[in-house]
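Asks: this one's structure only:
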């Protein structure tokens with residue numbers, strides 16, 4: 001409704017959206033009013049990213065539906081956890097913490113290395129990227145950072 005109202009009222013700010021354009025219903029519901037909107041995060045893009053497509057194809061038979069970004073994020077979180085348990089050789093908390101601190105794990109959504117100061121994954125083009133995207137011709141396209149971009153930014 002917001003992007004339609006902005007279009008109807010002729011409001012033309014640079015509108016940077018958070019999350020809602022990633023919902024499957026957004027492009028259909030917003031129609032032309034959503035064209036060229038820039039947003040974040042487009043974590044999972046099986047339509048334009050070959051590695052994401054491969055994961056989507058792998059997961060779909062088990063899910064019985066097209067995987068979402070939530071499915072892919074859960075898959076990578078699980079993969080990181082299983083890697084930590086394997087490297088720790090245990091599920092004992094202290095050993096797992098030591099293994100987490102040394103994590104450098106590549107999964108479909110990025111490279112998982114933990115920042116020990118804030119106990120979070122490092123974020124950025126060389127780590128866990130949080131891509132900005134743009135709707136172009138009715139399709140979600142990652143535009144930043146260049147390490148995951150599938151298209152260039154198109155001015156609104």
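Replies: Here it is on my side, so go on. No experiment lies behind these values; they were computed from the predicted model shown.
Asks: Can you check the pLDDT for the spatially most central residue of the chain?
Replies: Centrality entry for the chain: nearest residue to the mean C-alpha point is residue 43, 0.8 Å, by Cα atoms, centre = their mean. pLDDT for residue 43: 90.
Asks: Settle this for me: it is touching residue 74, isn't it.
Replies: No: between residue 43 and residue 74 there is no contact under Cβ atoms under 8 Å: 11.3 Å. Just so you know, the C-beta spots here come from the backbone N, C-alpha and C atoms, and that holds for glycine as well.
Asks: what's the following helix or strand after the longest helix seen in the chain?
Replies: In the chain, assigned by DSSP state H, the helix with the most residues is helix 69-88. Using DSSP states H and E, the helix or strand that follows helix 69-88 in sequence is helix 93-101.
Asks: List the buried residues for that next one?
Replies: For helix 93-101, burial by neighbour count (16 or more other Cβ atoms under 10 Å) applies to 96, 99, 100.
Asks: Give me the buried positions along stretch 63-75.
Replies: For stretch 63-75, the neighbour count (16+ other Cβ under 10 Å) marks 67, 68, 69, 71, 72, 73, 75 as buried.
Asks: Distance of the second one relative to residue 105?
Replies: Taking Cβ to Cβ, to the nearest Å as the measure, residue 68 falls 22 Å from residue 105.
Asks: Many thanks, we can stop here.
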